[in-house]
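Enquirer: just coords:
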């Protein structure tokens, strides 16, 4: 376990589950374990703490998920060109602490690091979705949590990879900023698990991505899972348009392509830094000395602070050109940008979410 | 100026202008040079509390981003000219805020200025307004025509048509095309 915990709270009802047992058995000595009747209460913000959000990250709550596991991507909206992504919520919050992270606002009221011990119930939902689906689906666990942080404790990834290996038409995306891949390496995913890394230039990593693996370590981990038979993708998101960003992102892509052949990359998504006013205030309150939160963002028509449009477009284009120079045809898509921006940057109208989602799910195996 | 006297002067200014307590606390938490430089600007330009707040926020952000003390930012030539200049206090306070915004958003300032320059160079008749988005927050440009009658409208449309190429270039700039390297 590389992340530190102050305590683990286990919901009474979940204390005999395999996940609770695995976690408790793997905990280092000295981490207290409490049993509580309702994990939701343990996950609430401790308003007496100096930084309730940070305190929540250090408090793991093993509990039952009471609502559906599968949802639409929280970023999906008619305003944006979407990728048809489905989200499987197996955990909430994350032991890493990125200055720009939307969870600072999204889970501000219940920041405890929740892990859902009844996660196997998600498989029944997935079976139903698979039975009804008329297209390949990409389903990710890395929206409200990092997919692999704490996997050394929970071991969840192994069950997920095994489940998806037997499900034609479903692709699991494990999205991470860690290099915690050991649980994956001896499994046969049968091409149905895609591991993706969010990548940032070194300067952004050092300034904003606290307790994450370095970009080089993430890229090296990608190479290892690729060699272990997994598909890989990358998210340059958020792209932070600081001075010299085009050079930084070009250098990052140089490093990526030197380690992971572009032809083996399923996709690279691009998304500029965007922050609601509430998120921006929370982020600046928590990280007042982070220069990456002090770029030239202005209030955009969608109500989020974004780098002003010409700057953002230029940077997207420069990054897209660098990718295309490496290998034309690497699939690139934009996250949380309008159809007009998509056309402007990528030179074509965005596909319908279902079509793009199917392509990203099925990936290079079909049309790459 | 000794630190305690400085503190008293800051407190007096804050009390007189009803500066919110969190800003007073932040001001007093600055180093002596930064604290004094901000006080000099506030008194010299006879700032209102709202102007001080806006200036303070901008100064702190520039300071963090550029790793420079507030006093050094206020000592820059373009800022000193405003602080030492003539003219009314409110006018100079507004000029100071504009200068600080340009320092806080340098690429946006350059982009906005270039687009405004290119629009002005067209010499379009009255009745045509080329409106880039506020703060270039989107890639969409608007053109407004105000005409009284068909003849005037035709004249405006002709003028637009004559400048179609230049207008397309301006629309491209707004959408991020046509900028020189390192310009933004």
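Expert: Good, I have the coordinates. These numbers come from a predicted model, not from an experiment.

Enquirer: dump the residue contacts of residue 104.
Expert: By default, I'm working from chain A. Residue A:104 is in contact with A:53, A:279, A:282-283, A:286, counting by C-beta atoms under 8 Å, 6 or more residues apart in numbering or on different chains. Bear in mind the C-beta positions are built from the backbone N, C-alpha and C, glycine included.

Enquirer: Oops, wrong one, chain B.
Expert: Counting by C-beta under 8 Å, 6+ apart, residue B:104 has contacts B:58, B:61-62, B:65.

Enquirer: ok, and what's touching stretch A:272-279?
Expert: Residues from elsewhere that reach stretch A:272-279 (C-beta under 8 Å, 6+ apart): A:100, A:102, A:104-105, A:238-241, A:283, A:295, A:297, A:299-300, A:302-307, A:312, A:315-316, A:336-337.

Enquirer: Isn't residue A:161 up against residue A:184?
Expert: Yes. Using C-beta atoms under 8 Å, residue A:161 makes contact with residue A:184 at a distance of 6.5 Å.

Enquirer: can you list residues touching both of the two?
Expert: Each of residue A:193 lies in contact with both residue A:161 and residue A:184 under the rule C-beta under 8 Å, 6+ apart.

Enquirer: and residue B:116, how many neighbours?
Expert: Residues lying near residue B:116 (other C-beta atoms under 10 Å in any protein chain shown) number 13.

Enquirer: Quick one, grab the pLDDT at it.
Expert: The model reports residue B:116 with a pLDDT of 97.

Enquirer: helix or strand for it, which one?
Expert: Using DSSP states H and E, residue B:116 falls within helix B:106-122.

Enquirer: any idea how far that helix is from the chain center?
Expert: 13 Å (C-alpha atoms, centre = their mean, to the nearest Å).

Enquirer: For it, name the packing helices and strands.
Expert: If contacts are counted by 3 or more C-beta pairs under 8 Å, 6 or more residues apart in numbering or on different chains; DSSP states H and E, helix B:106-122 sits against helix A:309-326, helix B:164-174.

Enquirer: just the helices in the stretch 101-250 of chain A please.
Expert: Remark: helices assigned in the stretch 101-250 of chain A by DSSP state H, counting those that start in this stretch are A:103-106, A:121-132, A:151-154, A:156-165, A:202-208, A:215-227, A:245-259.

Enquirer: quick one, which of the ones you listed is nearest to residue A:115?
Expert: In terms of C-beta to C-beta, the element of the helices of the stretch 101-250 of chain A nearest to residue A:115 is helix A:151-154, at 6.0 Å.

Enquirer: Who are the packing partners of the closest one?
Expert: Helix A:151-154 packs on helix A:18-26, going by 3+ C-beta pairs under 8 Å, 6+ apart.

Enquirer: After the helix it packs on, which helix or strand is next?
Expert: For helix A:18-26, the succeeding helix or strand toward the C-terminus, using DSSP H and E, is strand A:33-36.

Enquirer: list the buried ones in that following strand?
Expert: Neighbour counts over strand A:33-36 (16 or more other C-beta atoms under 10 Å in any protein chain shown) mark A:33, A:36 as buried.

Enquirer: Which strands or helices does it pack on?
Expert: If you count contacts as 3+ C-beta pairs under 8 Å, 6+ apart, strand A:33-36 packs onto strand A:7-11.

Enquirer: Can you show me the strands along the stretch 1-150 of chain A?
Expert: A:7-11, A:33-36, A:59-63, A:70-72, A:86-88, A:91-92, A:97-98, A:113-116, A:137-140 (DSSP state E, counting those that start in this stretch).

Enquirer: Dump these to TSV, plus mean pLDDT and distance to residue B:18.
Expert: Converted to TSV, the strands of the stretch 1-150 of chain A look like this (pLDDT from 0 to 100; distance: least, C-beta to C-beta, whole Å):
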stretch	mean pLDDT	distance to residue B:18
strand A:7-11	98	45
strand A:33-36	98	47
strand A:59-63	97	41
strand A:70-72	92	48
strand A:86-88	94	48
strand A:91-92	96	43
strand A:97-98	98	37
strand A:113-116	97	43
strand A:137-140	95	51
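
Enquirer: Ok, which of the ones you listed comes nearest residue B:117?
Expert: The nearest among those, by C-beta to C-beta, is strand A:97-98 at 38.9 Å.

Enquirer: Please identify which helix or strand holds the closest residue in space to residue B:79 that isn't next to it in sequence.
Expert: Nearest residue to residue B:79, sequence neighbours excluded (C-beta to C-beta, 6 or more residues apart in numbering or on different chains): residue B:99, at 5.6 Å. Using DSSP H and E, residue B:99 falls within helix B:89-104.

Enquirer: Give me the pLDDT for residue 136.
Expert: As the question left the chain open, I've gone with chain A. So, for residue A:136, pLDDT stands at 93.

Enquirer: Not quite, go with chain B.
Expert: For residue B:136, the pLDDT comes out at 98.

Enquirer: low-scoring pLDDT stretches of chain B, where are they?
Expert: Across chain B, the ranges flagged by pLDDT under 70 are B:1-5.

Enquirer: returning to what we had before: ok, residues contacting the helix holding residue B:116?
Expert: Helix B:106-122 has contacts (C-beta under 8 Å, 6+ apart) with A:296, A:298, A:308, A:310-311, B:101-102, B:130, B:132, B:135-136, B:163, B:166-167, B:169-170, B:173-174, B:179, B:183-184.

Enquirer: And for stretch A:253-267?
Expert: Residues from elsewhere that reach stretch A:253-267 (C-beta under 8 Å, 6+ apart): A:194, A:199, A:215-216, A:219-220, A:222-223, A:226, A:231-234, A:319, A:322-323, A:326-327, A:330-333, A:360, A:363-364, A:368.

Enquirer: List the buried residues for that stretch?
Expert: Neighbour count says stretch A:253-267 has A:253, A:255-257, A:260, A:262, A:264-267 buried, by 16+ other C-beta under 10 Å.

Enquirer: now swap in stretch A:20-27 and tell me
Expert: A:20, A:22-23, A:27.

Enquirer: out of those, who's nearest chain B?
Expert: Checking the buried residues of stretch A:20-27 against chain B with C-beta to the nearest C-beta, the nearest one is residue A:27 at 38.2 Å.

Enquirer: And the nearest residue to the closest one once chain neighbours are set aside, how far from residue A:156?
Expert: Nearest residue to residue A:27 in three dimensions, chain neighbours excluded: residue A:8, at 6.5 Å (C-beta to C-beta, 6+ apart). According to C-beta to C-beta, to the nearest Å, residue A:8 and residue A:156 sit 15 Å apart.

Enquirer: got it, and residue A:54?
Expert: Taking C-beta to C-beta, one finds residue A:54 at 24 Å from residue A:156.

Enquirer: again, but for residue A:305
Expert: Residue A:305 is 34 Å from residue A:156, by C-beta to C-beta.

Enquirer: hmm, which of the contacts of helix B:106-122 are the buried ones?
Expert: A:296, A:298, A:308, A:310-311, B:101-102, B:130, B:132, B:135-136, B:163, B:167, B:170, B:173-174, B:179, B:184.

Enquirer: Now that we have the contacts of residue B:104, can you turn them into a markdown table and tack on secondary structure?
Expert: Converted to a markdown table, the contacts of residue B:104 look like this (DSSP: H, G, I helix; E, B strand; the rest coil):
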| residue | secondary structure |
| --- | --- |
| B:58 | helix |
| B:61 | helix |
| B:62 | helix |
| B:65 | helix |
